[in-house]
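*Asks:* What follows is a protein structure lacking sequence information:
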DNA sequence: CGCGACGTTGATTTGCCTCAACGATTGTGG
DNA sequence: CCACAATCGTTGAGGCAAATCAACGTCGCG
């Protein structure tokens, strides 16, 4: 019985990490041996809705690959409100990289918006992995290069579009995602109030 | 006289690339042999004020390391105005990475705000260099990781601060930079009009 | 069932924009 | 070296997009 459980767990870990391996192999080569080396250094985690990967004051403990689900990164503003600065969904990495790299306390929260599963790569493990599998540096170079350009594009839209235009642009870009998060979170992310979003939506069904 | 000029030029290339070597060595090891390999694959370029590294419609020809000077990246909006989405100064890399990676036409401009000098790393050369000097992947991984977090922070300020607060925050963060660019460019970058900036400044000397 | 979280709607306010006219400074050609 | 234009910054009047504040409806859940 004990053996069986162990076997199931082992299988489940390998299986649950398939999306990550697939994502890595979109950008760099990774042999099966190298993949199992990787698997030894990461772990899989189920995160309940509203649970935190990170809370302000803590050091960001891992670099998180979202296997499935949805997270929001936010921080508390000067007067008590929460400001969402980004969402993360399936096949995205999320972390407070300033806190993670320097192992210093963060000022942010990373919270599950729905029940989710992630792969955790801790700082120590990641450092070792970068030595053993240098192609991971290339992989993350590409990941961050794209994340950087995505944020620049986002800034462009924030500067040029009205609130209403931003909402419809986002809606067109991620039509299914809009259903997944409460409207007040979407409003915060897009940079306006929930009341405003409600009025925009009232205009067109 | 001609010889002398040539000699000066050769010396000047090695010398002018010192800031780049120094920047790389802040993050990854690079032997002298490796450095000269690098030097063979890049070139140095003086850029006059108002000259372009990239214009909309062109493919972004290089990844540019700014040795000294100042650049702005902008694009034309639907209503004929220019929207600045970022500045680049000494020791920053700048490029339209979407255009650069895919070698497809850009929709952006990269223009010198003042007389500047850059080091150009062309796509082909960069690809070869990444093979020869794999630590450059790590170097750029770090560069992009930091650039990404910087943009996330910038988004946070755009979402949370009023126009006046954004100006003073930027002013405090880069006190000398504010002097270097015309106010209308700063206004565009910070997301308000030149008139508004003028009125903000009028309030406090 | 009743409470708290979320969304809606309307009245009012405000931060910033638009438009227009006017200085100041720079650069360029005669 | 001056005249003149072009560029950049300033100031004010009026307008609009979105925020704020408040009241109310609705749904899911302990």
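*Replies:* Received the coordinates, thanks. As the structure is a prediction and not an experimental result, all values here were calculated from the model.

*Asks:* For the rest of this, base every contact and every neighbour count on C-alpha atoms.
*Replies:* Noted.

*Asks:* ok, residue A:144 - contacts?
*Replies:* B:141, B:144, B:145, B:148 (C-alpha atoms under 8 Å, 6 or more residues apart in numbering or on different chains).

*Asks:* And for residue A:70?
*Replies:* Contact analysis of residue A:70 by C-alpha under 8 Å, 6+ apart lists A:87, A:88, A:89, A:90, A:112, A:113, A:114, A:115, A:116.

*Asks:* Look up phi and psi at it.
*Replies:* Main-chain torsions, residue A:70, degrees, to the nearest 10: phi -150, psi 130.

*Asks:* Excluding sequence neighbours, find me the nearest residue to it.
*Replies:* Nearest non-adjacent residue to residue A:70, counting by C-alpha to C-alpha, 6 or more residues apart in numbering or on different chains: residue A:89, 4.6 Å away.

*Asks:* again, but for residue A:62
*Replies:* residue A:122 (4.3 Å).

*Asks:* check contacts around that neighbour.
*Replies:* Taking C-alpha under 8 Å, 6+ apart, we find residue A:122 in contact with A:42, A:61, A:62, A:63.

*Asks:* Toward the C-terminus, what is the element adjacent to the strand or helix carrying the last one?
*Replies:* With the criterion set as DSSP states H and E, the secondary-structure element containing residue A:63 is strand A:62-68. Per DSSP H and E, the first helix or strand lying C-terminal to strand A:62-68 is strand A:70-76.

*Asks:* Residue A:59 against residue A:106, yeah?
*Replies:* Yes. At 5.7 Å, residue A:59 counts as touching residue A:106 under the criterion of C-alpha atoms under 8 Å.

*Asks:* list residues touching both of the two?
*Replies:* residue A:99.

*Asks:* returning to that earlier point: on contacts alone, who are the packing partners of the strand holding residue A:63?
*Replies:* If contacts are counted by 3 or more C-alpha pairs under 8 Å, 6 or more residues apart in numbering or on different chains; DSSP states H and E, strand A:62-68 sits against helix A:18-25, strand A:82-89, strand A:93-94, helix A:97-102, strand A:116-122.

*Asks:* May I have the strands that pair with the last one, each with its orientation?
*Replies:* What that stands for is strand A:116-122. In the sheet, strand A:116-122 lines up against strand A:43-47 (antiparallel), strand A:62-68 (antiparallel) (DSSP bridges).

*Asks:* thinking again about what came up before, can you pick the most crowded of the contacts of residue A:122?
*Replies:* Tallying neighbours with other C-alpha atoms under 10 Å in any protein chain shown puts residue A:62 at the head of the contacts of residue A:122, with 24 neighbours.

*Asks:* what separates residue A:180 from residue A:147, distance-wise?
*Replies:* 22 Å (C-alpha to C-alpha, to the nearest Å).

*Asks:* Looking at these two now, which is surrounded by more residues?
*Replies:* residue A:147 (21 against 13).

*Asks:* After whatever helix or strand the more buried one lives in, which helix or strand is next? Please name it.
*Replies:* Using DSSP H and E, residue A:147 falls within helix A:135-160. Sequence order places helix A:163-173 as the next helix or strand after helix A:135-160, per DSSP H and E.

*Asks:* Report the buried residues of the helix or strand just after that following helix.
*Replies:* Per DSSP H and E, the first helix or strand lying C-terminal to helix A:163-173 is helix A:177-180. Neighbour counts over helix A:177-180 (16 or more other C-alpha atoms under 10 Å in any protein chain shown) mark no residue as buried.

*Asks:* returning to that earlier point: dump the residue contacts of the residue nearest to residue A:70.
*Replies:* Going by C-alpha under 8 Å, 6+ apart, residue A:89 touches A:66, A:68, A:69, A:70, A:71.

*Asks:* tell me the two of those that are most distant?
*Replies:* The distance between the two most remote of the contacts of residue A:89 (C-alpha to C-alpha) is 9.7 Å, for A:68 and A:71.

*Asks:* So which of the two has more stuff around it?
*Replies:* Neighbour count, other C-alpha under 10 Å: between residue A:68 and residue A:71, residue A:71 has more, with 28 against 20.

*Asks:* Now do the same contact list for the more buried one.
*Replies:* A:87, A:88, A:89, A:110, A:111, A:112, A:113, A:114.

*Asks:* near DNA strand D, which residues of chain A?
*Replies:* A:162, A:163, A:164, A:191, A:192, A:193, A:195, A:196 (C-alpha under 7 Å from any atom of the strand).

*Asks:* Helix or strand: which one has the last one?
*Replies:* In this structure, residue A:196 is located in helix A:194-203 according to DSSP H and E.

*Asks:* buried ones in that helix?
*Replies:* Buried residues in helix A:194-203, counted by 16+ other C-alpha under 10 Å: A:194, A:197, A:200.
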